[in-house]
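> For reference, the sequence and a predicted model appear below.
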Amino acid sequence: MRMRDLDLIPAGTVFTATQITHYALPSERTLEQAIAEADLLVSTPHSGAAIPAEIAEFLSPTLTKRLQYDYSDVATASVVRRWAEIDPRIVAVINPHPRLIRDPNRAKPADVSGDLRAAIARVREAGPWQSVDLSGVDAIRPVTFSFFPILEIPEGDAAVDHLVQTFVETAEQGLGVYERTRDELTERFLAKGLEHGGWFTRLSFHDTMNTTTTREGAVSVARAEKDRLPEVVALSNRGDANGEKRSTAEPGDSPTMNPVRLRLLAEAHRDGFDVQNDNAVQLNQPYLGSQEIIAARDRFLQISDEADAAGFVAEAVQAEFLREFLLGPAASAELQLPGTEWVSEDFARVDMLAHACKRAWDEYRSLR
């Protein structure tokens, strides 16, 4: 596939906080007014699919647009952007860079370049398309989750140095802006809560398919049973299947959201998305929730005494939607077949999902 068939961000593009922050009626309200009226900050760490042109030289020549988009939470950006348009109770921040640059839902490595070098070495040792354990160094992955070699690793120390430095510098043009914006918005919500009391929730919004890709581009390889999402969404607070603290949790790994309120949020999603099967919405299955909600919890704990005195509750939750549900049956069926292109976006479905998100959180507010 020719590189121009991929979706690339033009070289030199530097995103601004304004470009990636979304809220209702921006022509009539300032961001300060939006924060004053909102109680929910939604972040989409994996929603970007377009790849910065700066790293195009390192991409595998066999990378297709389908594999590019599959290696993202591609369905989340449009849903969250539309949700922010219709709901004055939320503010959203959308990552413009793909997880390929660096995954903001992993702890940022103390040595980004060292971890990337280690990941490259492991991938090289395993060989193309071979399973490889990237535990501890997976903030930047040279392979996708189906072990497609998304990067063509150059030979020689100097060439690898160039790759590593390009990744580190490029990240600051979008991913770094996303992380700083997300954290600055969090602090503004916290300042409001400590002054006026009330509620604040950080929602990390994701999607995952229950199948992975073949070499021919068919997204049709079933995940292991333990890794499959429920029919609609998994809501996660680092707890067990009821949202309570896990008996196996490490010290300090407490739930990021009160278990009772997490169960209320699940009920609100069942109603908001009009599901007929209660198991379509589950808690902490198969994912516990990762760095975004962990970091939010730890920040909230730092101000817990002040928050209690102010009558302020701050919590965090991860929502991992089944991508087949977000895309709909026709698009999902198309992706089951071999191919190189991604599916067309269904704007009516995006609008329906955004309104369902709003209904779910409106109901949750009435229940908590």
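That came in fine, so what should we check first? In this text the structure is predicted, and so the values were computed from the model without any measurement.

> dump the residue contacts of Gly272.
Counting by C-beta atoms under 8 Å, 6 or more residues apart in numbering, Gly272 touches 356-363. To be clear about C-beta, it is placed using only N, CA and C from the backbone, and glycine gets the same treatment.

> Columns distance to Val168 on top of those, output as CSV?
Output for those, formatted as CSV (distance: C-beta to C-beta, whole Å):
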residue, distance to Val168
Ala356, 39
Cys357, 35
Lys358, 38
Arg359, 42
Ala360, 39
Trp361, 37
Asp362, 42
Glu363, 44
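
> so what's the residue lying closest to Val350 once chain neighbours are set aside up against?
Nearest residue to Val350, sequence neighbours excluded (C-beta to C-beta, 6 or more residues apart in numbering): Ser78, at 4.7 Å. Counting by C-beta under 8 Å, 6+ apart, Ser78 makes contact with 345, 347, 350.

> Then Glu169?
Glu54.

> One more pass at 6 Å, please.
The contact partners of Glu169, taken as C-beta atoms under 6 Å, 6 or more residues apart in numbering, number zero.

> now it: how far from Trp83?
Separation of Glu169 from Trp83 (C-beta to C-beta, to the nearest Å): 33 Å.

> helices and strands of the chain: which one bottoms out on pLDDT?
helix 112-126 (a mean of 84; mean pLDDT, DSSP states H and E).

> Now do the buried residues in that one.
Along helix 112-126, these residues count as buried under the neighbour rule (16 or more other C-beta atoms under 10 Å): 112-113, 115-117, 119-120, 122-123, 126.

> How about stretch 333-344?
Those would be 335, 339, 342-343, for stretch 333-344 by 16+ other C-beta under 10 Å.

> Equivalent analysis for stretch 137-153, please.
Those would be 137-144, 146-151, 153, for stretch 137-153 by 16+ other C-beta under 10 Å.

> Kindly report the same for stretch 124-134.
126, 132, 134.

> picking that back up, where does the residue nearest to Val350 fall, secondary structure wise?
If you go by DSSP states H and E, Ser78 is part of helix 76-86.

> which residues touch the helix or strand following that helix?
Sequence order places strand 90-94 as the next helix or strand after helix 76-86, per DSSP H and E. Residues outside strand 90-94 that contact it (C-beta under 6 Å, 6+ apart) are 20-23, 34, 38, 40-44, 47, 77, 80, 84, 181-182.

> Neighbours of Tyr23, how many?
22 (other C-beta atoms under 10 Å).

> What pLDDT does the model give it?
The score at Tyr23 is 98. That number is its pLDDT.
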